[in-house]
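Trainee: After the sequence you'll find the predicted model.
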Amino acid sequence: MEVPLNHYLILSGVLFAIGVVGVVTRRNAIIIYMCIELMLNAVNLTLIAFSSYLGDMGGQIFTFMVMTVAAAEAAVGLAIIIALFRTRRTVDVDDVNLLKG
Amino acid sequence: MPIVTPFIDLTAVAPEIVLSVFACLLLFASVCMKNHGAAANTWLAITGVIVAGWYAFCPVTAHSAFTGMYEADKFAQIFKIIILLGTGLTILISSKYSEDEKINHGEYYALLLFATVGMLLMVASSDMITLFLGLELLSICLYVLAGYTRTRAESNEAALKYFLLGGFAAGFLLYGMAMIYGSTGHTDLAGIGKAVSHGAFNKMYLTVGAIMLLVGLGFKLAAVPFHQWTPDVYQGSPIPITAFMSAGPKAAVLAALIRVYEGSVSYMHVDWLAWLGVLAVMTMTVGNVAALVQNDVKRMLAFSSISHAGYAMVGLAAANKQGIASVIIYMLVYTLMNIAAFGVLALVARKNEQRTKMQDFAGFAYSNPFLAIAMTILAFSLAGIPPMAGFMAKFYVFMSAMQAGLYWLVVAAVINSAIGIYYYLRFTVSMYMREPEEKLPPVTASPALLIAIVVSLIGVLVIGVVPADYLDMAGRAILSF
């Protein structure tokens, strides 16, 4: 039995929404980053579902690009979080509030 | 089955290749020379930008590369020149700053060049995949650069905020792209345009996709209501990086917006342009009103850069040929005037960026008359006072909106320009008419900074007085588009 396209789209939509809610509500920088990764993976699922449904390779190639970029972003992001921890001894985004106006 | 090797011709991507090679050379050089080659880094990076500019300027034989995912048309060419100009000025104003802050490493300049490669890819992208890759190459380099002075807590904070919110926005951008792909079955912008104009698309997916893509690009452009990160990130980043972020990336995103919303999805029966107009009004108003109450010059310039993005979006909303040409002129002028203004600010701020308040500019006209006059001209140009180029740029943008019949937009934009004059003048008054609170040794500008300022002043005055040639150039650029 073939799983219809809508099921994939609903699943990825829900995953994306969980990611968004996580970014908005969580306070730990690393968990926020994990939620962003969840959003990106929801997008990957959408792309692959469309790619398979349309019979077009474009979406799968796009997914590879997204995965590569996400890896690069992870390296940079974790480095930034470590640099922040070294100066501030915290990764809680509520404590990161020097800049206000 | 025979494997067909696609024809590969890389002449169209020559500027990107040159910049990447120079960025790698900088990385090698910084390993080989340790700390001896600090000054050489600046000049090596500048050489890279000039060579890339030469290749961007010269007519190339091949117009597209990577099987049509990259299109080096006249439209891309003029944006590339604006972006390279921004990078060149940023490198010039960085030289003294990076020496003082001890961040004059090869990596710093290499990251600037890689970010520039990302922007060049964005403006020439004719496929959503190239657009995404260019945007992320730009963003990832900017995350690092924002936190480059990593012992300063403000810089760390700017990098973290930019990274988390940038990643969040990238998620929306990608979801939008995925939806547009699902709706039309194409990732290339021409294919999307064709599918949309033939009605071969799913309306719901395309609507969701186009909205989310607008959120993602609006974030990078710092359009209200996606601007919350901008003041903090601009204030916390090293000053030359703030200058860099405020000019080039905005031009690149505007080019991408023009390609997507005035090319591909414009055939859809949703009035995207009215929405862009609403965003433009909000962006101008919030930027200007918030800038009024700032006492920190760096933060004031951050809000002013939000408002300038709003003015440029007026031209985008007008959506006629003149509107697009005026966006090009606006970004050219803004790049010239804003980066040099940040250069002067970097000088006044002294070590560790301790002095970026309004009162730190008090008496600047007496300690450094030339720089004060330069800063005054730049501030007047930013405010849009004739005969400076800032006035002509605004004039063309507003004219194009008039022609499109968007009178409400023009009225809002003119009111905003009037508000803008107040805070630029307030800042100028502080340079000429106030006594400094403490006596400090006068600052001296480095030759590189002086070059940047002189280039900007000449550009601002020439475009302000004889703008016709530049408008012609911009007009020709959009014909190919």
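Mentor: Perfect, I can see it now. As the structure is a prediction and not an experimental result, all values here were calculated from the model.
Trainee: is chain B contacted by the one helix or strand A:Gly13 maps to?
Mentor: Secondary structure from DSSP states H and E places A:Gly13 in helix A:5-25. Yes. With C-beta under 8 Å from any C-beta of the partner chain as the criterion, chain B is reached by helix A:5-25 at A:Leu9, A:Phe16, A:Gly19, A:Val20, A:Val23. Backbone N, C-alpha and C define where each C-beta goes, glycine included.
Trainee: can I get the residues you listed in TSV with neighbour count?
Mentor: Below are the residues of helix A:5-25 next to chain B laid out as TSV (neighbours: other C-beta atoms under 10 Å in any protein chain shown):
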residue	neighbour count
A:Leu9	19
A:Phe16	24
A:Gly19	24
A:Val20	19
A:Val23	21
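Trainee: All the strands of chain B, in order from the start?
Mentor: Per DSSP state E, chain B carries strands over the ranges B:64-65, B:70-71.
Trainee: picking up where we left off before, going by neighbour count, which residues of the helix or strand following the helix holding A:Gly13 are buried?
Mentor: Sequence-wise, the next helix or strand downstream of helix A:5-25 (DSSP H and E) is helix A:29-54. Using 16 or more other C-beta atoms under 10 Å in any protein chain shown as the burial criterion, the residues of helix A:29-54 that qualify are A:29, A:32-33, A:35-51, A:53-54.
Trainee: show me where the stretch 151-300 of chain B has helices.
Mentor: Using DSSP state H, counting those that start in this stretch, the helices of the stretch 151-300 of chain B run over B:153-184, B:189-197, B:203-221, B:229-236, B:239-259, B:272-292, B:297-318.
Trainee: Mean pLDDT for those - can I get that in TSV?
Mentor: Converted to TSV, the helices of the stretch 151-300 of chain B look like this (pLDDT from 0 to 100):
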stretch	mean pLDDT
helix B:153-184	94
helix B:189-197	88
helix B:203-221	91
helix B:229-236	93
helix B:239-259	93
helix B:272-292	90
helix B:297-318	92
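Trainee: any idea of the pLDDT on B:Leu479?
Mentor: At B:Leu479, the model reports a pLDDT of 69.
Trainee: Oh, that last question was meant for B:Lys34, not what I typed.
Mentor: Reported pLDDT for B:Lys34: 69.
Trainee: Any regions of the chain where pLDDT drops low?
Mentor: In the absence of a named chain, chain A is used. Scanning chain A for pLDDT under 70 picks out the ranges A:1, A:100-101.
Trainee: you looked at the wrong chain, it should be chain B
Mentor: Within chain B, the stretches with pLDDT under 70 are B:1, B:34-37, B:59-60, B:264-270, B:479-481.
Trainee: how about the helices of the stretch 151-300 of chain B in JSON lines, adding mean neighbour count and distance to chain A?
Mentor: Formatted as JSON lines, the helices of the stretch 151-300 of chain B follow (neighbours: other C-beta atoms under 10 Å in any protein chain shown; distance: least, C-beta to the nearest C-beta, whole Å):
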{"stretch": "helix B:153-184", "mean neighbour count": "26", "distance to chain A": "3"}
{"stretch": "helix B:189-197", "mean neighbour count": "19", "distance to chain A": "9"}
{"stretch": "helix B:203-221", "mean neighbour count": "21", "distance to chain A": "9"}
{"stretch": "helix B:229-236", "mean neighbour count": "26", "distance to chain A": "4"}
{"stretch": "helix B:239-259", "mean neighbour count": "27", "distance to chain A": "12"}
{"stretch": "helix B:272-292", "mean neighbour count": "21", "distance to chain A": "8"}
{"stretch": "helix B:297-318", "mean neighbour count": "27", "distance to chain A": "5"}
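Trainee: Distance from the chain centre to the longest helix along chain A, please.
Mentor: As assigned by DSSP state H, the longest helix anywhere in chain A is helix A:58-88. Here helix A:58-88 is found 9 Å from its chain centre; the criterion is C-alpha atoms, centre = their mean, to the nearest Å.
Trainee: Tell me if it is near chain B.
Mentor: Yes. Against chain B, helix A:58-88 shows contacts by C-beta under 8 Å from any C-beta at A:58-59, A:61-62, A:65-66, A:69, A:72-73, A:76-77, A:79-81, A:83-84, A:86-88.
Trainee: Which among those residues count as buried?
Mentor: For the residues of helix A:58-88 next to chain B, a burial check counting by 16+ other C-beta under 10 Å picks out A:58-59, A:62, A:65-66, A:69, A:73, A:76-77, A:79-81, A:83-84, A:88.
Trainee: which ones are touching the residue lying closest to B:Tyr432 once chain neighbours are set aside?
Mentor: Nearest residue to B:Tyr432, sequence neighbours excluded (C-beta to C-beta, 6 or more residues apart in numbering or on different chains): B:Ala365, at 4.6 Å. The contact partners of B:Ala365, taken as C-beta atoms under 8 Å, 6 or more residues apart in numbering or on different chains, are B:Ala372, B:Ile373, B:Met431, B:Tyr432.
Trainee: I'd say the third one and B:Thr376 touch.
Mentor: Yes. With contact taken as C-beta atoms under 8 Å, B:Met431 and B:Thr376 are classed as touching, separated by 7.0 Å.
Trainee: So which of the two has more stuff around it?
Mentor: It is B:Met431, of B:Met431 and B:Thr376, that has more neighbours when counted by other C-beta atoms under 10 Å in any protein chain shown, with 23 against 18.
Trainee: Pull up the residues of the stretch 51-200 of chain B that are close to chain A.
Mentor: Residues of the stretch 51-200 of chain B that fall close to chain A, judged by C-beta under 8 Å from any C-beta: B:128-129, B:132-133, B:136, B:140, B:143-144, B:147, B:150-154, B:156-161, B:163-164, B:167-168, B:170-171, B:174-175, B:177-179, B:181-182, B:185-187.
Trainee: let's go with 7 Å and repeat that
Mentor: B:129, B:132-133, B:136, B:140, B:143-144, B:147, B:150-151, B:153-154, B:156-160, B:163-164, B:167-168, B:171, B:174-175, B:178, B:181-182, B:185, B:187 (C-beta under 7 Å from any C-beta of the partner chain).
Trainee: for residue 76, what are its contacts?
Mentor: Going with chain A. Shown in contact with A:Val76 (C-beta atoms under 7 Å, 6 or more residues apart in numbering or on different chains): B:Ile140, B:Tyr143, B:Val144.
Trainee: oops, I was thinking of chain B
Mentor: B:Ala76 touches B:Val123, B:Ala124, counting by C-beta under 7 Å, 6+ apart.
Trainee: and what of the one 10 residues further on?
Mentor: Residues near B:Gly86 by C-beta under 7 Å, 6+ apart: B:Phe244, B:Ala247, B:Gly248, B:Thr335, B:Ile339.
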